[in-house]
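Engineer: Got a predicted structure plus its sequence, pasted below:
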Amino acid sequence: MSGFSEQLLIDPHYGVVVHRDFEPLYSDDNYARFYGYKNAQDILSLTSILELISPAEHPKAIEAYKDLISGKQKPGVRTYKNIDKENNELTVLAIDNIIDWEGKPAMQVIIIDLSYQFEVQRNLTLSEERYRVLVDGSIQGILVHKNFKPLFCNNAYAQMFGFKNEQALLDSETILPLIPSEFHEQAHRDNRSLLAGDESVIKTESKGICVDGSTVWVSLLSRTVIWDGEQATQITVIDITEQQLLRERLEHRANYDVLTNLLTRRAFNELLAEEFNYAQQHSNALCCVLIDIDNFKKINDKNGHHSGDKVLQSFAITAKKNLRESDFIGRWGGDEFVLILPKTDLEHAKLIAERLCKDLATLTVITDAGHLKFSVSIGVSSLSKQVHNIETLLSEADKALYQAKHQGKGRVAVAS
Ligand SMILES: Nc1nc2c(ncn2[C@@H]2O[C@H](COP(=O)(O)OP(=O)(O)OP(=O)(O)O)[C@@H](O)[C@H]2O)c(=O)[nH]1
């Protein structure tokens, strides 16, 4: 053997054969092993190495050989489908070269087994398909965006926001219209801190706007991903609209009286504490008004509890109509109600109370038991040097209310 084999780079992924008219002149062991043979000797004992090439590829191989030997074609790189001893198909990359072998031209072929690369590629495609099935089948919405321009979304995300399909969403220039304007600032801020690496994951809850303008509540998890070689933001969302509505209903139920839809005593007390402190800190006027329906027990007894309820509801509607945005009203209990009038002095509060008293007296409540009329008694108190805590403010209003009742009902009394 010449020094030729010593110059060869021996690598398990490369094999070398030298042939003339496909008659093997030299082979290394790697080449032999690619095709399932023990060693080079097995290859050299073949009559033709065409045996290693798929019959369908024989014409191509023979033509290529002729073209190369005659100089018609320059040596090059080609892929072949070969077959090993067990008839398994191998995909190989062949690098052809014309060399001088014992005084005559021969063809040297270096082959590289590509089966492994093909297998890796096939597995990659399979795992991509598997990933795709997972993402598409997910009930979580998944979106990837770069500065709010959508790059990818799954079906669940598109559906959550009312898009016909994923493409319809991806055709949008930006996803910002899906975010209510009051959440834009937060969305930009969160995105900036993710991209800057200040935060690795951000969890939030946000309102979304669907294509048809309806609202969806979502729980969001955002993080950065590399998408097509560039940094982007991935959002995973779960639709929490039902939970949010339930939460809102529960909150409403805790804060608002079911019958009259006025603030409950607890919710009223919280607001009263805030307003009272604010008024004290800013030396603002503040008045408290206690209202009690006159002879309500008789209304109930004569017309039934249901009609009594109607009276309470009508009272609530009329009272609310008489109030400013900044005033608030609560049901103190039974047929008793309480109002807070911020930035209102005693004189004005009295006028407001008298107007309400008159309006309610003219009201007719239509019930199953007939048309009912009723009156109220009102007590008014105000924040002052002497009245410097909530308890006193309320007890002063209560005293005034008692006075109004005592003086004959259907009237307003002011705490002295
Ligand atoms: N229909 C109805 N009645 C209620 C409700 N809550 C309390 N009441 C009734 O309201 C009545 C309140 O009556 P009282 O506080 O005794 O006083 P009144 O009859 O209004 O008499 P004066 O306050 O002196 O004018 C009671 O009979 C309660 O049972 C309610 O939600 N619906």
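Structural biologist: Perfect, I can see it now.

Engineer: Tell me the first helix or strand C-terminal of the host helix or strand of residue 126.
Structural biologist: Element membership of residue 126, judged by DSSP states H and E, is helix 115-137. The helix or strand immediately downstream of helix 115-137 is strand 141-146, counting by DSSP H and E.

Engineer: ok so, going back, the helix holding residue 126 packs against which elements?
Structural biologist: Packing contacts for helix 115-137, counted by 3 or more CB pairs under 8 Å, 6 or more residues apart in numbering; DSSP states H and E, involve strand 89-101. All C-beta spots, glycine's among them, are computed from the backbone N, C-alpha and C.

Engineer: Can you report how many residues neighbour the closest residue to the ligand within the stretch 251-400 of the chain?
Structural biologist: Closest contact between the stretch 251-400 of the chain and the ligand, by CB to the nearest ligand atom, is at residue 308 (2.7 Å). Burial measure for residue 308: 24 neighbouring residues, criterion other CB atoms under 10 Å.

Engineer: list the helices and strands the strand or helix carrying it packs on?
Structural biologist: Element membership of residue 308 [criterion: DSSP H and E] is helix 305-321. Judged by 3+ CB pairs under 8 Å, 6+ apart, helix 305-321 is in contact with strand 286-293, helix 296-303, strand 328-333, strand 336-342, helix 346-362, strand 365-367, strand 370-372.

Engineer: gap between residue 321 and residue 252?
Structural biologist: 21 Å (CB to CB, to the nearest Å).

Engineer: Retrieve the pLDDT associated with residue 145.
Structural biologist: Residue 145 carries a pLDDT value of 96.

Engineer: Show the contacting residues for whatever residue of the stretch 101-250 of the chain ends up closest to the ligand.
Structural biologist: With CB to the nearest ligand atom, the shortest gap between the stretch 101-250 of the chain and the ligand falls at residue 249, namely 20.7 Å. The contact partners of residue 249, by CB atoms under 8 Å, 6 or more residues apart in numbering, come to none.

Engineer: just the angle between the host helix or strand of it and strand 328-333, please?
Structural biologist: If you go by DSSP H and E, residue 249 is part of helix 241-255. For helix 241-255 against strand 328-333, the angle by axes from the mean of the first three to the mean of the last three CA atoms, to 10 degrees is 70 degrees.

Engineer: So which bits of helix 241-255 are buried?
Structural biologist: By 16 or more other CB atoms under 10 Å, the buried positions in helix 241-255 come out as 244, 255.

Engineer: Name the residues that touch the one helix or strand residue 109 maps to?
Structural biologist: Residue 109 belongs to strand 104-113 when assigned by DSSP H and E. Residues outside strand 104-113 that contact it (CB under 8 Å, 6+ apart) are 13-20, 25, 31, 34, 65, 68-69, 82, 90-100.

Engineer: 6 Å - rerun?
Structural biologist: Residues from elsewhere that reach strand 104-113 (CB atoms under 6 Å, 6 or more residues apart in numbering): 13-20, 25, 34, 92-99.

Engineer: same question, stretch 170-190
Structural biologist: Residues contacting stretch 170-190 (CB under 6 Å, 6+ apart): 145, 148, 149, 150, 161, 202, 206, 207, 208, 209.

Engineer: The ligand contacts on the chain?
Structural biologist: 259, 292-297, 300, 305, 308-309, 312, 334-335, 405 (CB under 6 Å from any ligand atom).

Engineer: What's the ChimeraX line that selects buried ones from those?
Structural biologist: Selection command for ChimeraX covering only the buried members of the residues of the chain next to the ligand, criterion 16+ other CB under 10 Å:
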select :292,293,294,296,300,308,312,335,405
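
Engineer: buried ones in the helix or strand harbouring residue 167?
Structural biologist: For residue 167, the host element (DSSP H and E) is helix 166-170. Residues of helix 166-170 classed as buried by neighbour count (16+ other CB under 10 Å): 166, 169, 170.

Engineer: And these, which is closest to residue 269?
Structural biologist: Of all the buried residues of helix 166-170, residue 269 sits closest to residue 169, with 47.3 Å by CB to CB.

Engineer: if we can go back for a sec, any chance of the helices and strands packed on helix 305-321 in JSON lines, with distance to residue 154 too?
Structural biologist: Formatted as JSON lines, the helices and strands packed on helix 305-321 follow (distance: least, CB to CB, whole Å):
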{"stretch": "strand 286-293", "distance to residue 154": "55"}
{"stretch": "helix 296-303", "distance to residue 154": "59"}
{"stretch": "strand 328-333", "distance to residue 154": "46"}
{"stretch": "strand 336-342", "distance to residue 154": "50"}
{"stretch": "helix 346-362", "distance to residue 154": "57"}
{"stretch": "strand 365-367", "distance to residue 154": "55"}
{"stretch": "strand 370-372", "distance to residue 154": "60"}
